[in-house]
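>>> Sequence below, structure please.
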Amino acid sequence: MEYHRNLRHWSREMRDSTPIVWDDACANWLAFRYDDIARVQSDYRTFSSEHTVIGSPRDNASPSLIEMDPPRHQQMRSRITQAFSARTIAQLEDQIARIAETLLEGILERGDTCDWVAELANPLPVIVIANMLGLPAEEWPQFKSWTDAIINKSPDQEQANDRFSHYFTQAIDAHRKQPGSDILSLLITSEVDGEHLSHDELLSFCFTLFIAGNITTTNMLGNMHLCFDEFPQELERLRQQPELSMNAVEEILRYMPPFRAGPNDFIEGRVAQSDVYLCEQLVREGEQVQVNRLSANFDERQFPDPERFDVGRNPNRHQSFGHGVHFCLGAPLARLEMRIVLERILKKFQWLRIAPNATLKQAPSSIIFGVQNLPVIFQSA
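Numbers count the residues shown, from 1 in each chain. Below you'll find the model as predicted:
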């Protein structure tokens, strides 16, 4: 929590004094104000997404969606837009609720303590995305271990990449022979400009969907408790006004998003396609602008009293899911999973809080903000 408070304080100082600054260490610009960040993410003709992922080869023949500009981006994204539409995701509510119920009942049956991350936040979103891709849900532990190794750039990253590729190669072959109604079958049969996706393009989609499909929600389900531990009165307010649960989800996303945003943690950038002024600062063609979405979420110009955690905040146009053409495809899914869990916390637990003297460890990642363990104590309702 101290790390998060320090980030907010630093971001506020930068918004006020130097809203865009050149970082010699990273050799790019850092942007801090909401309107500038929204512009960089939405004006794709001026600020390109191509070749912006650190470590991605410039000659990559099958880049992920986040490194594509329109029109190619729309062509590829349209393959799965229907599968992730708000209407389609809403139809998954009963299925997701059953998964959440099973996990929560297991927690309640085992006593009055648990590790919230290990027993709920980790398995829930991985099982959900595995079901959507038509993969065996019971294999979620290995899926989770692979995605963690990849996103955290652990020593096992290369091995995890190889295993993921091998697994999905077999899954793609199996779904070609016996297609179903799942997303993987949809991708295999879809066409872009009259052509089916190549094997490498299918693998890229699978990597992106599986990693993005679980990593955000896993950490937000943990960050939810960090928020309510700091502001317990807001959890009690929700008990009295459960109709605010969706507003609460949005405020959790705004207040404590699942990405790091320190001076050396900027991970989402765009490359200027021509000389352009941003916040009265000249950005030269070819220079990269990194955005601080946490700073955007606390910009006083957009959010009244931004330091206040308010489960009734409305409107709440936070940027935790991005902005523009790259707005997170999985946002409806993450929101639904968070709401389902939050509503069941209110119903199933008389009280639930982080265990006294618990030692919380930050997830070992330069990208993710969240805890890798979360001991909680509770009393069932």
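>>> need the next SSE after the helix or strand hosting residue 5, C-terminal direction.
Under the criterion of DSSP states H and E, residue 5 resides in helix 2-17. Next in sequence after helix 2-17, counting helices and strands by DSSP H and E, comes strand 20-23.
>>> neighbouring contacts of that following strand?
Residues from elsewhere that reach strand 20-23 (CB atoms under 8 Å, 6 or more residues apart in numbering): 14, 28-33, 36, 263, 266, 278-279, 281, 283, 289-290. Quick note: C-beta positions are derived from backbone N, CA and C, even for glycine.
>>> Could you rerun that using 7 Å?
With contacts defined as CB atoms under 7 Å, 6 or more residues apart in numbering, strand 20-23 is touched by 14, 29-31, 36, 278-279, 281.
>>> Pull out the buried members of the residues you listed.
Buried residues within those, counting neighbours by 16 or more other CB atoms under 10 Å: 14, 29-31, 36, 278, 281.
>>> quick one: which of those residues sit in strands?
Counting by DSSP state E, the part of those found in strands is 29-31, 278, 281.
>>> Quick check, pLDDT for residue 225.
pLDDT recorded at residue 225 is 95.
>>> With residue 69 instead?
Predicted confidence (pLDDT) for residue 69: 95.
>>> quick revisit: from the ones in strands among the buried ones among the contacts of strand 20-23, which single one is nearest residue 299?
For those, the residue nearest residue 299 by CB to CB is residue 31; the value is 11.2 Å.
>>> what bridges to that closest one?
residue 20, residue 291 (DSSP bridges).
>>> show me where the stretch 1-150 of the chain has strands.
20-23, 28-31, 47-48, 113-115 (DSSP state E, counting those that start in this stretch).
>>> do you know how far residue 353 is from residue 367?
28 Å (CB to CB, to the nearest Å).
>>> where does the protein have low pLDDT?
Residues of the chain meeting the criterion pLDDT under 70: 53-62, 262-267.
>>> circling back to that earlier point, tell me the two of the contacts of strand 20-23 that are most distant?
14 and 278 (14.2 Å).
>>> before we move on, the earlier item: which of the strands of the stretch 1-150 of the chain sits most buried?
Each of the strands of the stretch 1-150 of the chain was scored by mean neighbour count; the highest is strand 28-31, a mean of 24, by mean count of other CB atoms under 10 Å.
>>> ok, and what's touching it?
Residues from elsewhere that reach strand 28-31 (CB under 7 Å, 6+ apart): 20-23, 37, 40, 266, 269, 278, 283, 287-292.
>>> follow-up on the earlier one: to residue 138, which of the strands of the stretch 1-150 of the chain lies closest?
The nearest among the strands of the stretch 1-150 of the chain, by CB to CB, is strand 113-115 at 20.2 Å.
>>> What pairs with the closest one, parallel or antiparallel?
strand 375-380 (antiparallel).
>>> got a list of contacts for the partner strand?
108, 112-116, 225, 348-355, 358.
>>> ok, now stretch 166-180?
Contacts for stretch 166-180 (CB under 7 Å, 6+ apart): 134-135, 184-185, 188-189, 199, 202-203, 206.
>>> cutoff 8 Å now
Outside stretch 166-180, the residues that reach it (CB under 8 Å, 6+ apart) are 133-135, 182, 184-185, 188-189, 199, 202-203, 206-207.
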